[in-house]
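**Q** next one to model:
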Amino acid sequence: MSEQATQMSEQEVMWKDGKGRLVPISAIKTEHQIEDGLVRTVAIKAAELSQLLTEFKSTVLEETEGFKDLLAGEYGIKRGGKKGNMTLTSYDQSLKLEIQNTDRIVFGPELEVAQQLIDECIKRWSVGANDHLKVIVQSAFETDRKGNLSVAKIMGLRKHDLDDPDWRKAMGAIADAIRPYETATYVRVYQRNERTGAFEPITLDLAKA
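**A** Next comes the predicted model:
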């Protein structure tokens, strides 16, 4: 066997590990080789499904936008502006399609001011204040493992209409801190349960499948 053929043979049985090092396949446990093959097979299928979902969503949005253009043309108007939410149903009311646009937001530096004002409120309320409200307020500013704040929890504070000037200033600071940075578009398809009469989602989420 030539030197080049020997090198090619060696390369064929060398696997790269997580640190980029080449490891002879003979040094890799059989179960780890099987695990590698399983993960790669699933990943390939997942990538294919992801592409199909991307194409599906793109097609749905194109067709629904075309339908809205058709309706606008029927009434002699020209569409413009931000894409809105829309619900379409089949003629027999057994199927439903929802297109929903939701603004994703981040918070600006005003949020720190809001937190300081809220902290002052908690200090003043320390005697005789509702402990449950304290927990709600304090937990709203807790971060997850990635250091991200919960938008839902912070926005939820605004539903508490408390007669306190600092609290009202804090809620104003939260409102000023809101920074919409992108719009997420969701496509949801439902079918009516013949037994209950309720619409149930056609699952496109692996976690709910």
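**Q** for residue 186, grab phi and psi.
**A** Dihedral pair for residue 186: phi -110, psi 140, per degrees, to the nearest 10.
**Q** list the contacts for it?
**A** Listed by Cβ atoms under 8 Å, 6 or more residues apart in numbering, the contact set of residue 186 reads 98-102. C-beta coordinates here come from the backbone N, C-alpha and C atoms, glycine included.
**Q** rerun at 6 Å
**A** Contacts for residue 186 were tallied using Cβ atoms under 6 Å, 6 or more residues apart in numbering; they are residue 100.
**Q** how much space between it and residue 105?
**A** If you measure residue 186 against residue 105 using Cβ to Cβ, to the nearest Å, the figure is 16 Å.
**Q** can you give me the offset of the helix or strand containing residue 62 from its chain's centre?
**A** According to DSSP states H and E, residue 62 maps onto helix 30-74. Chain-centre distance of helix 30-74: 16 Å, with Cα atoms, centre = their mean, to the nearest Å.
**Q** now the element after it, going C-ward?
**A** As assigned by DSSP H and E, the chain's next helix or strand after helix 30-74 is strand 86-89.
**Q** ok, and for the following helix or strand past that next one, which residues are buried?
**A** Using DSSP H and E, the helix or strand that follows strand 86-89 in sequence is strand 95-107. Across strand 95-107, burial judged by 16 or more other Cβ atoms under 10 Å covers 96-99, 107.
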